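J.: fold the stuff below for me.
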Amino acid sequence: MPIPMSSARAGAALLTTALAGAALAQPQGEVGEYSDATISNSVLQPEPITVSDDSELASLIRVPEGFEVSVAARDLGNTRILAVHDSGTVYATRRSESDVIRLIDEDGDGRFEAHETVAARPGLHGIALDGDTAYLVTVTDVYTAPVNEDGSFGTLERIIDDLPEGGQHPNRMVAVGPDGMLYISVGSTCNACDETSPENATLLRAKPDGSSRSIFASGLRNTIGFGWDPSSGRLYGADHGTDWLGDEEQQEEFNLIEQGTKYGWPYVYDFSNFNPQDAPPEGISLEQWAAQSREPELGYTAHAAPMQMVFHSGTSFPEEYRGDAFIAMRGSWNRRPPSGYEVTRLDFQDGEPASWDHFAEGFLIETEAGGYGFLSRLAGIAEDRDGSLLLADDANGIIWRISYSGEAGAGETAETASVPNLVPDPRTDDLAMAKFDAGAGISVSSESFAAGEAIPFSHAAEGHDASPPLSWADAPEEAASFVLIAEDPDAAEPKPFVHWIVYDIPADTTSLAEGRPTAPVLPDPEGAKQGTNSRGQIGYHGPRPPREDGPHSYHFQIFALDVDQLGPEPGATREEVLSAMEGHVIAAGELTGSYERPAPEEAQGN
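T.: The predicted structure follows:
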């Protein structure tokens, strides 16, 4: 039944705006199917509603038969992400307060009577617990801290300090995978744009000490909720769809996230639909971008805003719920009628996501005046030690609990399987040069450094990250194209570390200018394609060896081929390029330089 607006602190804001957008022409300059579009969108922001009595408040939430809803805490502020320690201690991050609080249940009745701050850093949002180690992430930094016996945190140590700036999506998430590695979600800076940092709109992967960071998957606009299916070990995530495509577009995506895979954003959304606003980089068509991107497993109502996600691994729910994923939906601000403001359930059947359904509703209220208000905007969700679900509300500061009062399922808690999302690395210690019995030698040089000398700071990742100028000579007259592969054989893993791949370099090209853009297809030399380096990005990535290693050697290898087009699409991996080169290399040469990372104070002076 609608609640009178007298129960709300303010009336619901009902505003409508029309957005008319004319898309860019197709990348090739042709007027195509997606070059003209008119889009209508709504702005409708429900207002918070206060219900003072806990029992009355809980009774407004609709859950399946046998489940019960209770209020576990109130007035906690901007609670966002939840984590539960093995001891049963519950933690919540608070974005506005920039801290982590420990929730205290003194009498064990399931209600938190008090809380205390255990850590604080500006912009703090994501939290993950791995045994007695906590990981916290802000916009640009990742911290680790020991969890003490009393539930407090020890001294915070910063292990990453250079995540990209936040922009529109500054709320980072962190999780520890079954492989013991850190997974960090980094949202896009914008609604839809060509990002300047390759790490935006990605899921990153790093060692527990913060080193060896790489792009695990890309084209993910803002995947705050992600986790591993305990039965299969597969990694899944819920991605926020693009705004301003209409009330019904873009669907929220539920993705199977695999290493090295692209997921469409910003040019392709949900099931291979083309964004009419943006065109891919020069030389790549929308059709090619879609073909290189993985479609979601399932879609959900547009603008519902998926937040934290958890797999129910315990036995306190009925058997049919075990192993299903639950997602906190924060709710829309730009859809009529509003969507989200609920908990959804991903029903897994035979190890596959089968349906995306409502689980807990009633947080959104339609008023007698025809407007909308909300009881909570849900951001966090976690499984408590007793198997109940805890929900964090970042608007009214409520912690909710959903438990099952009927007969629960039997069986053991599923152990998380190994991680099949990882792509095995087939490379050996050999440089690319060692794989081919090349003919006459090509001489390779650079204006920036001579053979065996130090590579200037401007070409390092912590410098300007500009590719060095390269020239080559003495190639056979019959050379039809060239390939460049730059590698570091001194890296611990992967070995060798790939810093740059360029292929289909025209036969009449004998040099590459400094600072080539990180585009899939280069404008100069025209038509040359760039591959994916070991960091997971397309184009050049400069040297950045561990400081304790001392200098590493970097091999800029040039190969002359007897074919003008190698075959792989832009963004190919080292293995794909080397495989295509088999039987076509007629000459090769290399230039080797070295680089040693300076001390931080020295780097700042460069």
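
J.: quick one: secondary structure of the residue nearest the centre of the chain?
T.: The chain has Leu203 as the residue nearest its centroid, 2.7 Å off, counting by C-alpha atoms, centre = their mean. For Leu203, the assignment made with DSSP: H, G, I helix; E, B strand; the rest coil gives strand.

J.: show me what contacts it?
T.: Tyr183, Ile184, Ser185, Val186, Ile215, Phe216, Ala217, Leu220, Thr223, Phe226, Gly237, Ile257 (C-beta atoms under 8 Å, 6 or more residues apart in numbering). All C-beta atoms are positioned from the backbone trio N, CA, C, and that covers glycine.

J.: of those residues, which belong to helices?
T.: Among the contacts of Leu203, no member is found in helices (DSSP state H).

J.: thinking again about what came up before, identify the bridge partners of the residue nearest to the centre of the chain.
T.: Beta-bridge partners for Leu203, by DSSP bridges, are Ser185, Ala217.

J.: quick one: it from Ser511, how far?
T.: Separation of Leu203 from Ser511 (C-beta to C-beta, to the nearest Å): 37 Å.

J.: same question, Ala290
T.: Going from Ala290 to Ser511 by C-beta to C-beta gives 35 Å.

J.: and Glu47, by the same measure?
T.: Distance from Glu47 to Ser511, by C-beta to C-beta: 62 Å.

J.: higher neighbour count, those two?
T.: For the pair Glu47 and Ser511, the greater number of neighbours falls to Glu47 (18 against 14), based on other C-beta atoms under 10 Å.

J.: beta partners of that one?
T.: Under the criterion used (DSSP bridges), Glu47 bridges to Gly373.

J.: from what I can see Ala325 touches Val310, true?
T.: Yes - Ala325 lies in contact with Val310 (C-beta atoms under 8 Å); the separation is 7.0 Å.

J.: and for the two, which residues touch both?
T.: Common contact partners of Ala325 and Val310 (C-beta under 8 Å, 6+ apart): Gly227.

J.: who has more neighbours out of those two?
T.: The neighbour count for Ala325 versus Val310, taken as other C-beta under 10 Å, is higher for Ala325 (24 against 20).

J.: grab the nearest non-local neighbour of that one.
T.: Leu346 (3.9 Å; C-beta to C-beta, 6 or more residues apart in numbering).

J.: quickly find the element holding the one you found.
T.: According to DSSP states H and E, Leu346 maps onto strand 342-349.

J.: what about the closest residue to Ser272 other than its chain neighbours, how many residues nearby?
T.: Closest residue to Ser272 apart from its sequence neighbours, by C-beta to C-beta, 6+ apart: Ala290 at 4.6 Å. As a burial measure, Ala290 scores 19 neighbours (other C-beta under 10 Å).

J.: so who does the residue sitting furthest away from the middle of the chain touch?
T.: No residue in the chain sits farther from the centre than Glu477, which is 46.3 Å out by C-alpha atoms, centre = their mean. Counting by C-beta under 8 Å, 6+ apart, Glu477 touches no other residue.

J.: any idea how far Gly527 is from it?
T.: Remark: distance between Glu477 and Gly527 (C-beta to C-beta) = 21 Å.

J.: and if you look at Pro280?
T.: Relative to Gly527, and taking C-beta to C-beta, Pro280 is found at 16 Å.

J.: for Ala145, same thing?
T.: As judged by C-beta to C-beta, Ala145 and Gly527 stand 51 Å apart.

J.: comparing these two, which residue is more hemmed in?
T.: Ala145 (19 against 16).

J.: got phi/psi on the spatially closest residue to the more buried one that is not a sequence neighbour?
T.: Closest residue to Ala145 apart from its sequence neighbours, by C-beta to C-beta, 6+ apart: Phe153 at 4.3 Å. For Phe153, the backbone dihedrals (degrees, to the nearest 10) come out as phi -100, psi 150.

J.: Phe153 contacts Tyr143, doesn't it?
T.: No - Phe153 lies out of contact with Tyr143 (C-beta under 8 Å); the separation is 9.5 Å.

J.: who's in contact with Val563?
T.: By C-beta under 8 Å, 6+ apart, the residues touching Val563 are Ala480, Ser481, His584.

J.: measure it to Ile215 for me?
T.: Plainly put, Val563 is 30 Å away from Ile215 if you go by C-beta to C-beta.

J.: same check on Ala291?
T.: Ala291 sits 20 Å away from Ile215, going by C-beta to C-beta.

J.: what do you get for Ser405?
T.: Separation of Ser405 from Ile215 (C-beta to C-beta) stands at 45 Å.

J.: neighbour count winner among those two?
T.: A count of neighbours by other C-beta under 10 Å puts Ile215 above the other of Ser405 and Ile215, at 22 against 9.

J.: surely that one is in contact with Leu204?
T.: Yes - Ile215 is within contact range of Leu204, at 6.2 Å (criterion: C-beta under 8 Å).

J.: the strands in the stretch 501-606 of the chain, which residues?
T.: Counting by DSSP state E, counting those that start in this stretch, the stretch 501-606 of the chain has strands at residues 511-512, 529-530, 552-561, 585-595.

J.: of all these, which one comes closest to Ser471?
T.: Closest to Ser471 of the strands of the stretch 501-606 of the chain, according to C-beta to C-beta: strand 511-512, at 4.2 Å.

J.: tell me the strands beside the closest one, with direction?
T.: Strand 511-512 has its sheet partners listed here by DSSP bridges as strand 470-473 (antiparallel).

J.: end-to-end on stretch 260-276?
T.: The straight-line separation of the ends of stretch 260-276 (C-alpha to C-alpha, to the nearest Å) is 26 Å.

J.: let's test this: mean pLDDT of that stretch, rounded?
T.: Averaging pLDDT along stretch 260-276 yields 95.

J.: buried stuff in that stretch?
T.: For stretch 260-276, a neighbour-count test (16 or more other C-beta atoms under 10 Å) marks 260-270, 273-276 as buried.

J.: strands - which of those residues land there?
T.: Using DSSP state E, the members of those that fall in strands are Thr261, Lys262, Val268, Tyr269, Asn273, Phe274.

J.: and of these, the nearest to Gly362?
T.: Closest to Gly362, out of all of these and judged by C-beta to C-beta, is Tyr269, at 29.8 Å.

J.: for the residue lying closest to the closest one once chain neighbours are set aside, what are its contacts?
T.: Distance criterion C-beta to C-beta, 6+ apart; nearest residue to Tyr269, sequence neighbours excluded, is Gln250 at 4.4 Å. Applying C-beta under 8 Å, 6+ apart, we find Gln250 in contact with Gly241, Thr242, Tyr269, Asp270, Asn273, Ala302.
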